[in-house]
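Chemist: the following block contains a protein sequence and its predicted model.
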Amino acid sequence: MPRFVSKVAQEKGLVAHGSWVSKVLQLHQMAQLRQGVVVAGSAGTGKSSLISVLVDALCILPHNQQHSGKCGRIHLIVTCSVTWYGV
């Protein structure tokens, strides 16, 4: 999986440092354990890039690995436009 993450990152013009690839793999593990995952952080820290690389890497996994051929969809929610009830 790390090899595919690095490949997709390079195709998108990103530098795939070991710590960044590790974060992508952590997000993948969390997504496997949970029905939904929230990625939060300051603007410009690479949240959207991280998610996009993970989804694209899962799409190119060979057939002998888990999730092969399963491409996902990304749903972004702008929290400024969401009204939180009961908080």
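Modeler: Structure's in. What do you need?

Chemist: which ones are touching V21?
Modeler: Going by CB atoms under 8 Å, 6 or more residues apart in numbering, V21 touches P2, V5, S6, A9. From N, CA and C alone the C-beta is placed, and that goes for glycine too.

Chemist: tell me which helix or strand it sits in.
Modeler: helix 18-33 (DSSP states H and E).

Chemist: in that helix, what's buried?
Modeler: For helix 18-33, burial by neighbour count (16 or more other CB atoms under 10 Å) applies to W20, V21, K23, V24, L27, H28, A31.

Chemist: ok, so of the contacts of V21, who is nearest S42?
Modeler: A9 (20.4 Å; CB to CB).

Chemist: do I have it right that that closest one meets V53?
Modeler: Yes: the criterion here is CB atoms under 8 Å, and A9 meets it with V53 at 5.2 Å.

Chemist: pick out whichever of those two has more residues nearby.
Modeler: Ranked by neighbour count (other CB atoms under 10 Å), A9 and V53 place V53 first, with 26 against 22.

Chemist: C-alpha coordinates for stretch 52-62, CSV please?
Modeler: Presented in CSV, the C-alpha positions along stretch 52-62 are these (Å, rounded to 0.1, in the frame of the first residue of the first chain):
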residue,chain,number,x,y,z
SER,A,52,-7.6,12.4,-2.4
VAL,A,53,-4.3,10.5,-2.5
LEU,A,54,-5.8,7.7,-0.3
VAL,A,55,-8.9,7.3,-2.4
ASP,A,56,-6.8,7.2,-5.7
ALA,A,57,-4.3,4.8,-4.2
LEU,A,58,-7.1,2.4,-3.2
CYS,A,59,-8.4,2.6,-6.8
ILE,A,60,-5.1,1.3,-8.3
LEU,A,61,-4.4,-1.5,-5.9
PRO,A,62,-3.8,-4.8,-7.9
